[in-house]
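Enquirer: Need a 3D model of the sequence below.
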Amino acid sequence: MVSPQAYKAKLMLIEIGEDPLTGRNTTPIRVSHVSAVLSFSECSLRQYHFVNRVMSWGEAQRYCRENHTDLTTVNNMIDLKNIMNTVNNQTVWIGLHKMNNITWRWSLGDPAFYIDEHKTWHQAQSYCRENHTDLASVRNITENEKIRNLTKNHKAWIGLFRDSWVWSDNSSSSFRNWNIDEPNFPGVENCTSLTTKGTWINSKCEDKFPFVCHNDKLVLFRENGTGALEHCRSIQMDLVCVESEEIQRGVMNVMKDTSTSEVWLGLRHSCVVGIWFWVSGEIMCYQKWAEGNGTGEEDCSDGGRAAAIQTGPDHTWISLPGSR
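Expert: You can find the predicted model right below:
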């Protein structure tokens, strides 16, 4: 087996659907030719590019879209640290900018711990990100009940907040790392710059800074289940392996472009030994199965099973015949 640290690959999602004219699923929806050296245990979804040329925010956005994918989005502290390692201790533009509409967003965490300490919402968010993952998101009534039981009916912060800042690539990331007393000067400073300390300040969009672009490593194609893996590898790519919550969120973001109810993952079931495994060769650790899928005995009468992620609000995984 090729060493994961030396395996040069691309990640691909395959959209399940059929062309109504030809009956074949070969119409590409989105293609991005970005290769990288990946570790199967620590897959990075993006490649960052520091551009040491001073431009306004709008100029930087156009440059990134013409030469890469977009001005970079920051999803979490790991992303932030990776970006900081590329910018040579300079203040740079990132993709966050202010819009007129104000929307509610989640702080991206998963429910896990109840901290019995009195803090402001921002203090609580910082504490959770430093010691756990993030403030809890509540995605359904079951999670709401779990959190209610944890808090023993006391009032407690969750990760829902409201703001008018959006990312240039329209991603759903609600991660924020504002400096103290930022953002300020509403209506005047509507673009975001990353300081040398790693915190963010809002700046006038016409100010001139270097900037950071990103390239996505996840792409979306139309293809049927049979031959999907072979097709991916024939163009030096692979079906995506979702090994963490971070990669799951990246897949969810790319799936905004799909028009079908499911998208293939690189997860297969071995009828011989009765386990699910990733096509990279790794045994499954992280999982997000829908109820009644993936955790019991599989029906192998049709020649094998494969997993797909649903496009519904929870983006859970389901088991399907591999020949579908």
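Enquirer: shaky segments in the stretch 101-250 of the chain?
Expert: Judged by pLDDT under 70, the stretch 101-250 of the chain has its weakly predicted residues at 105-116, 139, 172, 216, 222-227, 231, 235-236, 246.
Enquirer: What segments of it are helices?
Expert: In the stretch 101-250 of the chain, the segments counted as helices under DSSP state H, counting those that start in this stretch are 121-131, 141-151, 228-234, 245-254.
Enquirer: Can you say which of those is nearest to His269?
Expert: Across the helices of the stretch 101-250 of the chain, His269 has its closest neighbour in helix 228-234 (13.5 Å, Cβ to Cβ). C-betas here are computed from N, CA, C, even on glycine.
Enquirer: Deepest-packed of the helices of the stretch 101-250 of the chain, please.
Expert: Greatest average neighbour count among the helices of the stretch 101-250 of the chain goes to helix 245-254 (a mean of 20), per mean count of other Cβ atoms under 10 Å.
Enquirer: Return the set of buried residues in the next helix or strand after that one.
Expert: Past helix 245-254, heading to the C-terminal end, the next element that is a helix or strand (DSSP states H and E) is strand 262-270. Taking 16 or more other Cβ atoms under 10 Å as the basis for neighbour counts, the residues of strand 262-270 that come out buried are 262-269.
Enquirer: returning to what we had before: turn the helices of the stretch 101-250 of the chain into a markdown table, including distance to Thr192.
Expert: Written out in a markdown table, the entries for the helices of the stretch 101-250 of the chain read as follows (distance: least, Cβ to Cβ, whole Å):
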| stretch | distance to Thr192 |
| --- | --- |
| helix 121-131 | 17 |
| helix 141-151 | 31 |
| helix 228-234 | 36 |
| helix 245-254 | 19 |
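Enquirer: hmm, back to that, most widely separated two among the buried residues of strand 262-270?
Expert: In the buried residues of strand 262-270, the most distant members under the criterion Cβ to Cβ are Val263 and His269, with 17.4 Å between them.
Enquirer: From the opening residue of stretch 261-276 to its closing one, how far?
Expert: By Cα to Cα, to the nearest Å, the extent of stretch 261-276 from end to end equals 22 Å.
Enquirer: Let me see the mean pLDDT of stretch 85-92.
Expert: Mean pLDDT, computed over stretch 85-92, is 91.
Enquirer: any residues touching that stretch, and which ones?
Expert: 48-50, 52, 193-196, 209-212 (Cβ atoms under 8 Å, 6 or more residues apart in numbering).
Enquirer: What subset of those residues is buried?
Expert: Restricting the contacts of stretch 85-92 to buried positions leaves 48-50, 193-195, 209-212, with burial counted as 16+ other Cβ under 10 Å.
Enquirer: any chance of those in a markdown table, with distance to Gly322 too?
Expert: Conversion of those to a markdown table gives the following (distance: Cβ to Cβ, whole Å):
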| residue | distance to Gly322 |
| --- | --- |
| Tyr48 | 36 |
| His49 | 37 |
| Phe50 | 42 |
| Ser193 | 48 |
| Leu194 | 44 |
| Thr195 | 50 |
| Phe209 | 49 |
| Pro210 | 47 |
| Phe211 | 44 |
| Val212 | 40 |
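Enquirer: And those, which two are furthest apart?
Expert: Among these, the pair separated by the greatest distance (Cβ to Cβ) is His49 and Thr195, at 19.4 Å.
Enquirer: Just the closest of the buried residues of strand 262-270 to Leu220, please.
Expert: Lowest distance from Leu220 to the buried residues of strand 262-270 (Cβ to Cβ) belongs to Val263, with 7.4 Å.
Enquirer: coming back round to it: next, check the contacts of stretch 85-92 against the strands and list the overlap.
Expert: 48-50, 52, 193-194, 209-212 (DSSP state E).
Enquirer: For those residues, which two are the farthest from each other?
Expert: Comparing the members of the ones in strands among the contacts of stretch 85-92, the greatest separation, given Cβ to Cβ, is between His49 and Ser193, at 16.9 Å.
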